[in-house]
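Enquirer: what's the 3D shape of this:
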Amino acid sequence: MADILLPELGEGITSVEISEVLVKKGDTVKVDDPIIVVETEKASMEIPTTESGTVENVQVEKGSTISPGDVIISITGYEDQAEAVDETSPHIAESAEPRDIVKTEPTTPYITAATPDVKPPLPATSEIGKPVLASPSVRRFARELGCDLKLVTGSGPKGRITQEDVQEYIKGRLAGGAPGGSALPIIAPGQDLDFSKWGEVDIQPLNKIKKITGKRLQQAWQAIPHVTQFDKADITKLDKLRLHLKKVNKDESVKVSFLPFFIKAVSILLKEMPQFNSSLDGSNENIVLKKYINIGVAVDTPNGLVVPVIKDANEKSIKELARELTTLSSKARDKKLLPADMEGGCFTISSLGGIGGTYFTPIVNPPEVAILGISRSTSEPVFMEGKLRKRLILPFALSYDHRLIDGAAAARFTSNFGQLLSNFEEIT
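Expert: Coordinates of the predicted model:
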């Protein structure tokens, strides 16, 4: 019999919540078949089995919490069959070594992230980008008290949270506040109403990914002074170019959409306008200018938005961008993104053009300083050369961090983006 254990999932992850159990007693599994889905502050992960066989015992259940090294399932398989042969075939047993219970080595789990960068959600009282630092015993102590460590200010070395910090935080909450004046989670008026007074309701718990995404977006909205610049682009000629490439494309792994062109245009602008490819450091006193151009693209999945990152986008052709975008989008929807697929983003593009809408205001994803929101293109009459002509017009919006980017720079960015799209054949 083999015990399949929960592998190490990353630095600082001491426990995870099980959102789905994918097997039951008596099921047959093969190596790399997913057996459970877990949710952490970083991602939703499918945990695969590392042995083939028949499930003998399922040691976990949906909603429970487990830690790395805990047994998920026990299976019987080829090892047990070999032991049975040993008992009936003495001459084989002489050459066979005895087998102990197998504790399998973990394989890399498939991961789906909740945010463009694969990082823990930001502590409400810490500097942007820094993780929660606490020992396993302190984390266990906080769990027993129902305390969210992300809201606790650490007094130890490098901001490490101690047991005394947790106690002081709890005392502050009980007294009606929080130590150090840290911001508490905002609850909108009316959330505590009993909605069942007016009719039947169905209460469904948020999965952990949506909880973490919600907190991160709220933190971004509160911490960053957002401004959004709206603009339009004439993509009539670009659409003809796209349709031509689609017609001549013979590679089934390449989906010819507008997105690769948007990525290419943004990569050009990030090189020309480096303040859009930057971040504030932890002190809020220095700007970090990045020499690489990695662009994240928001992908809609059943678990929520995921943002895989295309590395070195400025060095890739339209065809290469299209192929990588198709691959990453498929991996995202199949829950097979790896951490490396979601790290290092410099700028994000969120496109709702395939769904609809005219404009929307995307929220900047820190530590990035800008995000581009693409809406659905429509045919509009445009007065050109003394005549009304039918043109394909794309509405889009740029949200940016006003601490680093001023309105004039944002207006130049959107204007140049529109010009690139309108005359794309000149740069391909």
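Enquirer: so where is the stretch 1-150 of the chain shaky, pLDDT-wise?
Expert: Within the stretch 1-150 of the chain, the stretches with pLDDT under 70 are 10-12, 40-43, 78-131.
Enquirer: quick one, strands of it?
Expert: Using DSSP state E, counting those that start in this stretch, the strands of the stretch 1-150 of the chain run over 2-5, 16-21, 28-29, 34-39, 43-48, 53-58, 65-66, 71-76, 102-103, 110-113.
Enquirer: outside of the second one, which residues touch it?
Expert: The contact list for strand 16-21, computed with Cβ atoms under 8 Å, 6 or more residues apart in numbering, reads 6, 9, 35-40, 44-45, 58, 60-67, 207-208. Using the backbone N, CA and C atoms, a C-beta is placed for each residue, glycine as well.
Enquirer: export stretch 335-347 to PDB, keeping only CA atoms.
Expert: The C-alpha trace of stretch 335-347 is given here as PDB (Å, rounded to 0.1, in the frame of the first residue of the first chain):
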ATOM      1  CA  LYS A 335      -5.700  24.500 -14.400                       C
ATOM      2  CA  LYS A 336      -2.200  23.600 -15.600                       C
ATOM      3  CA  LEU A 337      -0.400  27.000 -15.300                       C
ATOM      4  CA  LEU A 338       2.800  26.700 -13.400                       C
ATOM      5  CA  PRO A 339       4.200  29.500 -11.100                       C
ATOM      6  CA  ALA A 340       6.700  30.500 -13.700                       C
ATOM      7  CA  ASP A 341       3.900  31.100 -16.200                       C
ATOM      8  CA  MET A 342       2.500  33.900 -13.900                       C
ATOM      9  CA  GLU A 343       5.600  35.600 -12.600                       C
ATOM     10  CA  GLY A 344       7.300  38.800 -13.500                       C
ATOM     11  CA  GLY A 345       4.600  40.800 -15.200                       C
ATOM     12  CA  CYS A 346       5.300  44.500 -16.100                       C
ATOM     13  CA  PHE A 347       2.000  45.500 -17.600                       C
END
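Enquirer: what residues of that stretch count as buried?
Expert: Buried residues in stretch 335-347, counted by 16 or more other Cβ atoms under 10 Å: 335-339, 341-343, 345-347.
Enquirer: now those residues in TSV, with secondary structure, pLDDT and distance to residue 245?
Expert: TSV is the format used below for these (DSSP: H, G, I helix; E, B strand; the rest coil; pLDDT from 0 to 100; distance: Cβ to Cβ, whole Å):
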residue	secondary structure	pLDDT	distance to residue 245
335	coil	80	30
336	coil	84	28
337	coil	82	27
338	coil	82	29
339	helix	78	32
341	helix	89	25
342	helix	86	28
343	coil	88	30
345	coil	94	26
346	coil	97	26
347	strand	98	24
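Enquirer: contacting residues around residue 266?
Expert: 295, 313, 347, 349, 372, 417.
Enquirer: try residue 397
Expert: Here residue 397 is in contact with 228-231, 359-362, 372-373, 375 (Cβ under 8 Å, 6+ apart).
Enquirer: quick revisit: for residue 277, state which of the buried residues of stretch 335-347 is nearest.
Expert: Comparing these against residue 277 with Cβ to Cβ places residue 346 closest, at 5.0 Å.
Enquirer: surely that closest one meets residue 293?
Expert: Yes. Using Cβ atoms under 8 Å, residue 346 is in contact with residue 293, at 6.0 Å.
Enquirer: nearest spatial neighbour of residue 162, skipping sequence neighbours?
Expert: In space, and not counting its chain neighbours, residue 162 is closest to residue 156: 5.1 Å by Cβ to Cβ, 6 or more residues apart in numbering.
Enquirer: show the pLDDT at that neighbour.
Expert: Here the pLDDT value assigned to residue 156 is 81.
Enquirer: one more: the one 10 residues further on?
Expert: The score at residue 166 is 86. That number is its pLDDT.
Enquirer: which parts of the chain belong to which domain?
Expert: The record's domain parsing of the chain by automatic domain parsing lists 2-108, 125-181, 212-426.
Enquirer: distance to residue 190 added to those, as CSV?
Expert: Below are the domains of the chain laid out as CSV (distance: least, Cβ to Cβ, whole Å):
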stretch, distance to residue 190
domain 2-108, 28
domain 125-181, 21
domain 212-426, 17
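Enquirer: of all those, which one comes closest to residue 188?
Expert: Using Cβ to Cβ, those put domain 212-426 closest to residue 188, at 10.6 Å.
Enquirer: pull the distance from that closest one to the chain's centre.
Expert: In terms of Cα atoms, centre = their mean, to the nearest Å, the centre of domain 212-426 is set 16 Å apart from its chain centre.
Enquirer: send me the longest strand belonging to the chain as PDB with only the CA atoms.
Expert: Identified as the longest strand of the chain according to DSSP state E is strand 387-401. Output in PDB follows, covering the C-alpha atoms of strand 387-401 (Å, rounded to 0.1, in the frame of the first residue of the first chain):
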ATOM      1  CA  LYS A 387     -16.900  61.900 -46.900                       C
ATOM      2  CA  LEU A 388     -18.500  59.700 -44.300                       C
ATOM      3  CA  ARG A 389     -16.800  56.300 -44.300                       C
ATOM      4  CA  LYS A 390     -17.500  53.100 -42.400                       C
ATOM      5  CA  ARG A 391     -14.700  52.400 -40.100                       C
ATOM      6  CA  LEU A 392     -14.000  49.700 -37.400                       C
ATOM      7  CA  ILE A 393     -13.500  51.600 -34.100                       C
ATOM      8  CA  LEU A 394     -11.900  50.100 -31.000                       C
ATOM      9  CA  PRO A 395     -12.700  51.700 -27.600                       C
ATOM     10  CA  PHE A 396     -10.100  51.200 -24.900                       C
ATOM     11  CA  ALA A 397      -9.100  52.600 -21.500                       C
ATOM     12  CA  LEU A 398      -5.800  53.000 -19.600                       C
ATOM     13  CA  SER A 399      -5.800  53.000 -15.800                       C
ATOM     14  CA  TYR A 400      -2.600  54.200 -14.100                       C
ATOM     15  CA  ASP A 401      -1.000  55.000 -10.800                       C
END
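Enquirer: between the buried residues of stretch 335-347, which sits nearest residue 318?
Expert: Nearest member of these to residue 318, counting by Cβ to Cβ, is residue 347, at 17.9 Å.
Enquirer: quick one: that closest one and residue 39, what's the gap?
Expert: Distance, residue 347 to residue 39, by Cβ to Cβ, to the nearest Å: 27 Å.
Enquirer: same check on residue 260?
Expert: The value you get for residue 260 to residue 39, if Cβ to Cβ is used, is 32 Å.
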